[in-house]
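1. Here is the input, now give the coordinates:
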Amino acid sequence: MFKFYAVVPHVETVVLLSQQKPGEHIRIKIDLDELDETSAETKATYDKIRDWVGDNYQFHVSNLNIAQVKRKNGIELRENYNKPKSDDSRQPGIAPEKEKAITEALKHFKMI
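-> Numbering: from 1, shown residues only. Below you'll find the model as predicted:
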């Protein structure tokens, strides 16, 4: 009996090789309800967050607003390649009600 483990970036594969007779079958049942959600399944996209806020609070939030709240809560963001040309450029602030709504959306999607 051989066990083979292969780890590729973001993918882990485990294979069990065994010698069987042609007429023998191995049946495996996996109940997906018992498995924990992966981190990728619990992350919401900006569109999902924007839609949730629109449905529950009836106002629009921008990607900048969402990014500001994520940063404030310690959620890592990807690098922004649309960097400002000057070092002293400022970003507009976020309204307290929008910040509260986005925070509630992040809690709803179990991101914080």
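2. excluding its backbone neighbours, what's nearest Asn73?
-> Ile112 (5.0 Å; CB to CB, 6 or more residues apart in numbering). Every residue, glycine included, has its C-beta placed from N, CA and C.
3. pretty sure the one you found contacts Thr103?
-> Yes. Contact criterion CB atoms under 8 Å: Ile112 and Thr103 qualify, at 7.3 Å.
4. for the residue nearest to Asn73, what are its contacts?
-> Contact analysis of Ile112 by CB atoms under 8 Å, 6 or more residues apart in numbering lists Asn73, Ile75, Thr103, Leu106.
5. and the gap between the second one and Ile28?
-> Distance check for Ile75 against Ile28: by CB to CB, to the nearest Å, it reads 36 Å.
6. likewise the third one?
-> Taking CB to CB as the criterion, Thr103 is separated from Ile28 by 42 Å.
7. Which neighbours do Ile112 and Thr103 have in common?
-> Common contacts of Ile112 and Thr103, defined by CB under 8 Å, 6+ apart, comprise Asn73.
8. Glu12: helix or strand, and which one exactly?
-> Here Glu12 sits within strand 11-17, counting by DSSP states H and E.
9. Find the residue closest to Ile49 in space, skipping its chain neighbours.
-> Ala105 (4.8 Å).
10. Sketch out the low-pLDDT regions of the chain for me.
-> For the chain, the stretches flagged by pLDDT under 70 are 1-11, 33-42.
11. quick one, helices of it?
-> Here the chain has its helices, by DSSP state H, at 39-42, 46-57, 63-72, 96-108.
12. Using CSV, lay out those helices together with mean neighbour count.
-> Shown next, in CSV, are the helices of the chain (neighbours: other CB atoms under 10 Å):
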stretch, mean neighbour count
helix 39-42, 9
helix 46-57, 15
helix 63-72, 17
helix 96-108, 17
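13. returning to that earlier point: between Ile75 and Ile28, who's got more neighbours?
-> Comparing Ile75 with Ile28 by other CB atoms under 10 Å, the one with more neighbours is Ile75, at 14 against 4.
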